[in-house]
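Undergrad: Here's a sequence, model it:
(one chain, ligands or ions: 2)
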Amino acid sequence: MNVSKALTIAGSDSGGGAGIQADLKTFQELGVYGMSALTAVTAQNTLGVQGVYPVSIEGINDQIDAIGQDLGTNAVKTGMLHSSEVIEAVSEKIMEYQFPNLVVDPVMVAKGGAKLLQDEAVETLVNRLIPLAAVVTPNLPEAEIITNRKIQSLDDKKEAARQIIESGAVSVVMKGGHEETAEVTDLFYDGETFLELTSPRINTRHTHGTGCTFSSAIAAELARGNDLDKAVIQAKSFIRAAIEHPLEIGAGHGPTNHWAYKQQIRGVQP
Ligand SMILES: Nc1ncnc2c1ncn2[C@@H]1O[C@H](COP(=O)(O)OP(=O)(O)O)[C@@H](O)[C@H]1O
Ligand SMILES: Cc1ncc(COP(=O)(O)O)c(N)n1
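TA: Ligands and ions are numbered 1, 2, ... in the order given. You can find the predicted model right below:
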């Protein structure tokens with residue numbers, strides 16, 4: 001049997017909507033064998049982040065070694081990396097094992113406002129990890145911090161995308177979830193072509209974990225052998241279905257529905 005494998009290097013969300021939990025659910029739904037290296041444990045639910053407990057650098061390295069020395073992987077997705085030291089260590093390991101198809105989700109802040117990346121770590125992210133990426137998936141506030149520029153117009157977005165490619169990434173998706181437009185446009189750029197992926201904005205507060213789910217869907221599609229543009233297009237369909245049919249659990253910003261995409265393909269409504 002030809003098994004596609006993907007590794008997520010990210011934080012744990014005890015509430016199950018974002019982080020490692022969202023990533024592994026997405027891999028499973030897209031037919032990819034999921035593996036994980038935990039960078040931090042968070043106490044978190046739909047109301048916010050109650051605590052952050054980092055895993056030691058030794059512990060992170062050990063987990064990645066365990067995968068690199070035995071199972072290998074067809075794609076890697078990084079999420080919450082917490083500090084400069086973690087980014088350095090993870091970048092080293094990705095180079096050591098020459099893992100292919102790296103998707104970097106530059107997670108900085110949780111939806112409720114809790115900081116998931118220290119301010120001084122942004123430079124390390126740009127200099128060490130982004131140059132190794134096949135795709136970087138910033139939301140607009142993250143793209144502004146990475147490029148150190150205000151992004152208001154489509155031209156600004158294109159300029160920021162160009163700047164991220166100049167940092168060494170193969171491609172970038174600037175996500176449009178944070179805008180206030182009637183449609184959500186994610187802008188893909190691979191150094192040659194801009195692709196605007198537009199869908200209706202779904203009116204919901206249940207968007208906890210959308211970024212994690214989107215980036216891990218890209219990693220899963222890359223693991224299955226899809227090209228970058230096709231992987232991003234498929235991931236957009238996956239996240240759209242997951243937001244369109246929310247589970248409506250918890251009192252705050254609820255998680256997306258990872259089952260919805262497959263149910264839609266099979267014609268079964270959740
Ligand atoms: N209200 C929404 N309706 C439809 N799609 C959305 C909505 N909010 C986010 N998305 C999609 O979810 C993905 C994550 O976007 P975004 O919310 O900007 O990222 P993040 O979770 O990192 O802040 C993108 O593909 C975006 O198009
Ligand atoms: C452990 C962890 N990682 C990432 C996020 C960001 O979530 P989102 O996908 O909503 O930006 C989170 N809230 N918790």
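Undergrad: Once you drop chain neighbours, what's closest to residue 85?
TA: Excluding the flanking residues, the one nearest residue 85 by Cβ to Cβ, 6 or more residues apart in numbering is residue 57, at 5.8 Å. (C-beta placed from N, C-alpha, C; glycine too.)
Undergrad: which ones are touching the one you found?
TA: For residue 57, the contact set (Cβ atoms under 8 Å, 6 or more residues apart in numbering) comprises 85, 86, 89.
Undergrad: Find the nearest non-adjacent residue to the second one, please.
TA: The spatially closest residue to residue 86, leaving aside those adjacent along the chain, is residue 39, at 5.5 Å (Cβ to Cβ, 6+ apart).
Undergrad: send the alpha carbons of the strand or helix carrying that neighbour over as CSV?
TA: Element membership for residue 39, per DSSP states H and E: strand 33-45. Extracted in CSV, the C-alpha atoms of strand 33-45 (Å, rounded to 0.1, in the frame of the first residue of the first chain):
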residue,chain,number,x,y,z
TYR,A,33,-1.2,9.3,7.8
GLY,A,34,-0.6,12.0,10.4
MET,A,35,2.4,12.4,12.7
SER,A,36,3.2,15.1,15.3
ALA,A,37,6.0,16.8,17.2
LEU,A,38,4.5,19.0,20.0
THR,A,39,6.2,22.4,20.6
ALA,A,40,4.0,23.5,23.5
VAL,A,41,0.9,22.4,25.4
THR,A,42,-1.9,25.0,25.7
ALA,A,43,-4.8,24.9,28.0
GLN,A,44,-7.4,26.3,25.6
ASN,A,45,-11.1,26.2,24.7
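Undergrad: Is there any residue in that strand that contacts ligand 2?
TA: Yes: residues of strand 33-45 are located near ligand 2 by Cβ under 6 Å from any ligand atom, namely 42, 44.
Undergrad: Let me know the next secondary structure element after that strand.
TA: Downstream of strand 33-45, the first helix or strand assigned by DSSP H and E is strand 48-54.
Undergrad: I'd like the next helix or strand past that following strand.
TA: Under the assignment DSSP H and E, the closest C-terminal helix or strand after strand 48-54 is helix 57-66.
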